[in-house]
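Engineer: okay, here's the prediction I keep looking at, along with the sequence it came from:
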Amino acid sequence: MYFCGSILSKFNMRVHFIAIGGSAMHNLALALHEKGYSVSGSDDEIFDPARSRLAAKGLLPEKTGWYPEKITTEIDEVILGMHARADNPELLHAKALGLKVYSYPEYLYEQAKGKMRIVVGGSHGKTTTTAMIMHVLRYAGVAFDYMVGAQLSGFETMVSLSAATKIAVFEGDEYLTSPVDPRPKFHLYRPHVGVITGIAWDHINVFPTWEMYVEQFAIFADLIEDNGALIFCRSDKTCASVAENAKGSLKKIGYEAHPHVNEEGVCCLATPGGSVPLKIFGEHNLHNLNAALLACEQAGVARSVFYAAIGSFAGAARRLQLMAEAGSTSVFYDFAHSPSKLCATTEAVKKQLPQRKLYACMELHTFSSLSKDFLSQYRGAMRHADAACVYFNPETVRHKQLTEISAADVANAFGGDVKVFTDSSALAAALKKLERKQATFLFMSSGNFGGINVKELAEEVCGSGGG
């Protein structure tokens, strides 16, 4: 039996967020506000959608910047976001006053430490897998806390915490916990059910070698509570190796893609009860689905209930999200930015719509993707596309204080006939000139393509010349 954590029993809590404008941070602020906590916060920059969502609840700071005078002994807890720095004046003042300062993952653990914790980790697929678990649990009528890295249909925020729940479902990010805590976030959750969806080198700024990166997943596996379950992608050799070497007290459950067929362009699960049509597609998503099924079973959900629920799962925001469609023209948007995810996503779209030309466009935006030493990892990553282009902003490279890269460097790294753009308006103009009939456009980025409104571009592509 699991019991609610101590923090949940407190009322009239005053919580201050240092860097409240972050994607995860502002969602946690909204969740605590919904619980009745008194919430305040600061940040030196806040963009939409965080700005609008905080403003709607009266939580948007009056002005940007850091103000140590906001930190008083009347505050019960301070939550520190990754966007802040170790020398942040509000953080230093909170420490001087002896206030309890939590990182984001520390706070989530404190809220959920008396509950059954399901944590989904992996270099790719963790958001979608977490979203699937949440979708099924809600369908099954199971109350649960959650934290997920994307906005989901039917869930107002990306974080929810309640005193009445006995299960917590968290997406487990391997990036650093906070400016003052170099541990990966998913090391702090100590799950009862841990999932590893796949391991592909990323975040080279903090894990400069492949071996260091893999080690973080090995540590995650060994932090699963004794007699808990490790669910891992068996077809990923590195995942399988991590599971094999994990502590013997764990129940180790390997999985591959769920059996499926394609029926008239619709991906359908092959189940004992018959075919189950899905709203999603792609081999990688069938892997994610099987991981979610196994995790839900550990939470007591029968397979028949899972199959009844999963057919209505439409995906997470910016995870193969259909932006616009008209006739034989479609536009998808995906969060893909790592080499393995680019390859999996382009392959999935091409297989789903093989009769169409696939125009794939991705943005180099993360620290790893813009690192000259890492570019070679992208060779062949967009080979499933009929035409491919890559965009990057040289100013972003300078802002991240990385070695400059050229369009030629990027083209040589990707190989094939990849076109490279450093001007977003030129990229948009080139895309508009492509033949749109019998065509699929696929945008992939964790950024915003230099300010391109992808939704408007998608509608223009489909509304003018599509067919």
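Structural biologist: On my side now, so go ahead. It should be emphasised that the depicted structure is a prediction, and the values quoted were computed from it without experimental measurement.
Engineer: next one: phi and psi at the closest residue to I167 other than its chain neighbours?
Structural biologist: Computed as C-beta to C-beta, 6 or more residues apart in numbering, the closest residue to I167 that is not its neighbour in sequence is F144, at 4.2 Å. (Each C-beta comes from the backbone N, C-alpha and C, glycine too.) The phi and psi values for F144, taken as degrees, to the nearest 10, are phi -160, psi 150.
Engineer: neighbours of F144, how many?
Structural biologist: By other C-beta atoms under 10 Å, 21 other residues sit near F144.
Engineer: now the one 5 residues further on
Structural biologist: Per other C-beta under 10 Å, the neighbour tally for G149 reads 20.
Engineer: over to K433?
Structural biologist: Neighbour tally, K433, other C-beta under 10 Å: 8.
Engineer: which residues touch it?
Structural biologist: K433 sits next to no residue when contact means C-beta atoms under 8 Å, 6 or more residues apart in numbering.
Engineer: and the contacts of the helix ranked longest in the chain?
Structural biologist: Determined from DSSP state H, the single longest helix within the chain is helix 283-298. Applying C-beta under 8 Å, 6+ apart, the contact partners of helix 283-298 are 118, 120, 124-125, 128-129, 132-133, 136-137, 140, 192-193, 195, 197-198, 229, 231, 233, 235, 253, 255-258, 260, 267, 269, 278, 280, 303, 306, 310, 320, 341, 344-345, 347-348, 351.
Engineer: restricting to C-alpha, output it in PDB.
Structural biologist: Backbone C-alpha positions of helix 283-298 (Å, rounded to 0.1, in the frame of the first residue of the first chain) are rendered in PDB as follows:
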ATOM      1  CA  GLU A 283       7.200   1.400 -35.900                       C
ATOM      2  CA  HIS A 284       8.600   3.600 -33.100                       C
ATOM      3  CA  ASN A 285       5.100   4.400 -31.800                       C
ATOM      4  CA  LEU A 286       4.300   0.700 -31.700                       C
ATOM      5  CA  HIS A 287       7.300   0.200 -29.500                       C
ATOM      6  CA  ASN A 288       6.100   3.100 -27.300                       C
ATOM      7  CA  LEU A 289       2.600   1.500 -27.100                       C
ATOM      8  CA  ASN A 290       3.900  -1.800 -26.000                       C
ATOM      9  CA  ALA A 291       6.000  -0.200 -23.200                       C
ATOM     10  CA  ALA A 292       2.800   1.700 -22.100                       C
ATOM     11  CA  LEU A 293       0.800  -1.500 -22.100                       C
ATOM     12  CA  LEU A 294       3.300  -3.200 -19.800                       C
ATOM     13  CA  ALA A 295       3.500  -0.300 -17.500                       C
ATOM     14  CA  CYS A 296      -0.300  -0.100 -17.200                       C
ATOM     15  CA  GLU A 297      -0.300  -3.800 -16.400                       C
ATOM     16  CA  GLN A 298       2.000  -3.200 -13.500                       C
END
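Engineer: just the buried residues of it, please?
Structural biologist: For helix 283-298, burial by neighbour count (16 or more other C-beta atoms under 10 Å) applies to 283-298.
Engineer: and if you look at stretch 254-267?
Structural biologist: Applying 16+ other C-beta under 10 Å to stretch 254-267 flags 254-255, 257-258, 260, 267 as buried.
Engineer: count residues in the vicinity of E435, would you?
Structural biologist: 10.
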